[in-house]
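In: Output the structure for:
(one chain, ligands or ions: 2)
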Amino acid sequence: MDHYDLVVIGSGPAGQKAAIAAAKLGKRAAVVERRDMVGGVCINTGTIPSKTMREAVLYLTGLNQRELYGQSYRLKNEITVADLSARTMHVVGKEIDVIQNQLSRNRVNLILGSATFVSPHEIDVEGASGDLKKVTADKVVIAVGTRPARPSGVDFDGATIVDSDQILGMDHVPPSMVVVGAGVIGIEYASMFAALGTKVTVIEKRPSMLDFCDREIIEALQYQLRERGVTFRFGESVLSVERHPSGTLTVLESGKKIPADTVLYSAGRQGVTDELKVDAAGLTPDSRGRLTVDADCRTEVGHIYAVGDVIGFPALAATSMEQGRRAAYHAFGEPVGQTRAELQPIGIYSIPEISYVGRTEDELTKDNVPFEVGIARYRELARGAIMGDSFGMLKLLVHADRRTLLGVHAFGSNATELVHIGQTVMGCDGTVDYLVDSVFNYPTLAEGYKVAALDAVNKMRAIERVRAEGHSGDLDLDVG
Ligand SMILES: Cc1cc2nc3c(=O)[nH]c(=O)nc-3n(C[C@H](O)[C@H](O)[C@H](O)COP(=O)(O)OP(=O)(O)OC[C@H]3O[C@@H](n4cnc5c(N)ncnc54)[C@H](O)[C@@H]3O)c2cc1C
Ligand SMILES: NC(=O)c1ccc[n+]([C@@H]2O[C@H](COP(=O)([O-])OP(=O)(O)OC[C@H]3O[C@@H](n4cnc5c(N)ncnc54)[C@H](O)[C@@H]3O)[C@@H](O)[C@H]2O)c1
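Out: Numbering: from 1, shown residues only. Ligands and ions are numbered 1, 2, ... in the order given. Got it, this is the predicted structure:
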């Protein structure tokens, strides 16, 4: 039986960073992974393949060049699954290699097999051929992630009715597709398939989509997707999905039936704690397989931590990595700085992409926080014209009295990169005046920060002027 300072279960972003952080502190660490490949959902079926496919779609369809070269511009007319998967496999292979190398050069032991708890400090690892290895550890980090939620009434076959783990294995680009669930996964794939020319219908039981984002930006995204032939059915729930020889029929509770070649079911994910026998460690997952942790990612069993998607919101690769690092530092008494949850950025790789940090207009209004809005439209930025992006925008929400940034919302090319300038200014409690007085490279999209800041400041000055004129008017009246 091997003994470790730390055993991490799961080699996704959360597990990798926990193990490497422990190794950097001089601890003996191991990662248990049940797949034959490291990297988790992030590298193998989720983030990296979907983001690489998106790049391939944008490149091959020539979508982002059409403003410049005409609406018929395409790099390739018949785009096949092979065209898309070639790039995906290349990037996934490279990323797996990077992770394996990082683990081995940090002397993290990779144990392939499925982990189950025997007791709070003891773990069995069953290899693919049934061989059993026993390990013990002073500290344990659970980073087992999630799998797509699969309702019992839907017969997933991996070809015509698929979840987000299966979609990359489809053998053709379907002419039509129903996407169930307008969450981040549903909207990202709806964007990609619509760009490929698939006729997409999105079904969402809520009255709107992505309602945590800025409303104006979601309206702009919906407009762009409708322009590409996407139909939205909000406030509709799926009753069943039927598979027929000539295609699928998605039956809604309202009685509507929607025919399509393929159905993508992307209606949430479920923690994979069931096979881990967490009860043997003294833990109880919730109904969606998730574990509860404190601010240091510690479960109710003191030496066991849980990180990444298995602890629920926000369930991002970005946050998972940070939780892994923090858990390992906490486990071995290493000081770790404060996280500022309000500075957590969100990036949605729809086409066009969305990103934001901080608060939305609706949230600020609800809380009676006085704010001003400054907007820069890409069509008025030289870089926007050069890139052929006329619809993008950058929106700053500025505190009306303190002049600090309360939120940054970006839509269009490079939005997910651009947001980090605003995040940094917010992190340093910078004001809109800092942006007004800064000089940005020209021509860049970053220049949008200055344009939007000037817009906000001009509006604030207009209010001041009305106020000042109002006062002098009052004075006149008094004197008279
Ligand atoms: C389609 C899609 C797109 C996404 N896009 C983005 C994005 O653009 N940006 C972003 O930040 N996030 C994105 N995400 C979310 C991101 O992928 C996850 O937040 C991240 O992968 C979670 O990391 P994790 O380490 O918690 O778990 P995972 O990546 O799920 O890894 C868990 C690992 O644990 C292993 N495991 C499970 N049980 C056991 C066991 N009993 N024994 C041994 N090993 C076990 C699994 O095999 C797996 O390898 C996306 C997700 C999906 C599905
Ligand atoms: N860019 C990114 O950061 C990124 C990309 C993809 C995924 N992710 C992560 O993956 C996680 C899972 O994403 P998701 O989109 O699967 O889940 P989700 O829970 O965010 O969205 C699922 C949507 O499906 C709807 N829905 C559920 N059942 C339905 C039904 N029967 N009929 C119609 N609609 C139904 C829900 O109302 C919800 O809006 C998210 O938490 C997200 O953080 C992140």
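
In: Pretty sure Leu97 sits in a helix.
Out: Actually, residue 97 is Asp rather than Leu. Yes - the assignment for Asp97 by DSSP: H, G, I helix; E, B strand; the rest coil puts it in a helix.

In: Numbering from 54 from now on, please.
Out: In the new count, where the first residue is 54, that last one comes out as Asp150.

In: Please work out how many residues are found near the residue of the stretch 304-453 of the chain found nearest ligand 1.
Out: Scanning the stretch 304-453 of the chain for the residue nearest ligand 1 gives Gly361, at 2.0 Å (criterion: C-beta to the nearest ligand atom). Heads up, the C-betas are built off the backbone N, CA and C, glycines and all. Neighbours of Gly361 under the rule other C-beta atoms under 10 Å: 35.

In: Same check on Glu500?
Out: Glu500 is surrounded by 20 other residues when neighbours are defined as other C-beta under 10 Å.

In: and the residue in the stretch 204-353 of the chain that ligand 2 sits nearest to, what pLDDT?
Out: When distances are taken as C-beta to the nearest ligand atom, the stretch 204-353 of the chain reaches nearest to ligand 2 at Gly236, 2.1 Å away. We have a pLDDT of 97 for Gly236.

In: Which residue is the nearest non-sequential neighbour of it?
Out: Ser319 (6.3 Å; C-beta to C-beta, 6 or more residues apart in numbering).

In: Could you list the domains of the chain?
Out: The chain breaks down by automatic domain parsing into domains covering 55-201+323-394, 214-320, 405-522.

In: Let me see the contact set for the one residue in the stretch 404-533 of the chain that gets nearest to ligand 2.
Out: Closest approach of the stretch 404-533 of the chain to ligand 2 (C-beta to the nearest ligand atom) occurs at Thr469, with a separation of 8.3 Å. With C-beta atoms under 8 Å, 6 or more residues apart in numbering as the criterion, the residues that contact Thr469 are Pro398, Gly400, Tyr402, Glu406, Ser408, Ala463.

In: Now the second one. Nearest residue, chain neighbours left out?
Out: Spatially, and ignoring its direct neighbours in sequence, Gly400 is nearest to Thr469 (3.8 Å; C-beta to C-beta, 6+ apart).

In: Secondary structure element for that neighbour, which one?
Out: When secondary structure is defined using DSSP states H and E, the element that contains Thr469 is helix 468-480.

In: what does Tyr242 give?
Out: Element membership for Tyr242, per DSSP H and E: helix 237-248.

In: Tell me the helices and strands packed up against the helix or strand following that helix.
Out: Remark: after helix 237-248, the chain's next helix or strand is strand 252-257, criterion DSSP H and E. The criterion is 3 or more C-beta pairs under 8 Å, 6 or more residues apart in numbering; DSSP states H and E, and the helices and strands that strand 252-257 contacts are strand 229-233, helix 237-248, strand 284-287, strand 300-305, strand 310-313.

In: Now do the second one: everything it contacts.
Out: Okay, so that is helix 237-248. With contacts defined as C-beta under 8 Å, 6+ apart, helix 237-248 is touched by 103, 106-107, 110-111, 114, 116, 217, 220, 226-227, 230, 232-233, 235, 253, 255, 257, 262-263, 274, 278, 281-283, 317, 319-320, 401-404.

In: Repeat the analysis, applying 6 Å as the threshold.
Out: The contact list for helix 237-248, computed with C-beta atoms under 6 Å, 6 or more residues apart in numbering, reads 107, 110, 114, 116, 217, 230, 232, 253, 255, 281, 283, 317, 319, 401-404.

In: From those residues, pick out the ones that also neighbour ligand 2.
Out: When the contacts of helix 237-248 are filtered against ligand 2 using C-beta under 6 Å from any ligand atom, the residues retained are Ser319, Ile401, Tyr402.

In: burial measure for the last one, as a count.
Out: Applying other C-beta under 10 Å, we find 21 other residues in the vicinity of Tyr402.

In: Give me every residue in the stretch 204-353 of the chain lying close to ligand 1.
Out: Counting by C-beta under 6 Å from any ligand atom, the stretch 204-353 of the chain comes close to ligand 1 at Ser217, Ile238, Val325, Glu328, Leu329.

In: ok, now which ones touch Leu447?
Out: Taking C-beta under 6 Å, 6+ apart, we find Leu447 in contact with Ala429, Ala463, Gly501, Ala505.

In: Strands of the stretch 404-533 of the chain, residue ranges please.
Out: Listed from the start of the chain, the stretch 404-533 of the chain has strands (DSSP state E, counting those that start in this stretch) covering 407-411, 424-430, 446-452, 458-464.

In: And the third one, how far out from the chain middle?
Out: Right, the one you point to is strand 446-452. Strand 446-452 sits 21 Å away from the centroid of its parent chain (C-alpha atoms, centre = their mean, to the nearest Å).

In: what lines up beside that strand in the sheet?
Out: strand 424-430 (antiparallel), strand 458-464 (antiparallel) (DSSP bridges).

In: If I take that strand and strand 407-411, what angle do their directions form?
Out: Interaxial angle, strand 446-452 versus strand 407-411 (axes from the mean of the first three to the mean of the last three C-alpha atoms, to 10 degrees): 10 degrees.

In: Now do Pro227 against Gly282, distance only.
Out: With distances defined as C-beta to C-beta, to the nearest Å, the gap from Pro227 to Gly282 amounts to 13 Å.

In: Which of these two has more residues huddled nearby?
Out: The residue with more neighbours, out of Pro227 and Gly282, is Pro227; 22 against 13, by other C-beta under 10 Å.

In: Shouldn't the more buried one be within a helix?
Out: No - the secondary structure assignment for Pro227 gives coil rather than a helix, going by three-state DSSP.

In: Now for it: which residues touch it?
Out: Contacts for Pro227 (C-beta under 6 Å, 6+ apart) come out as Thr251, Asp314, Thr315.
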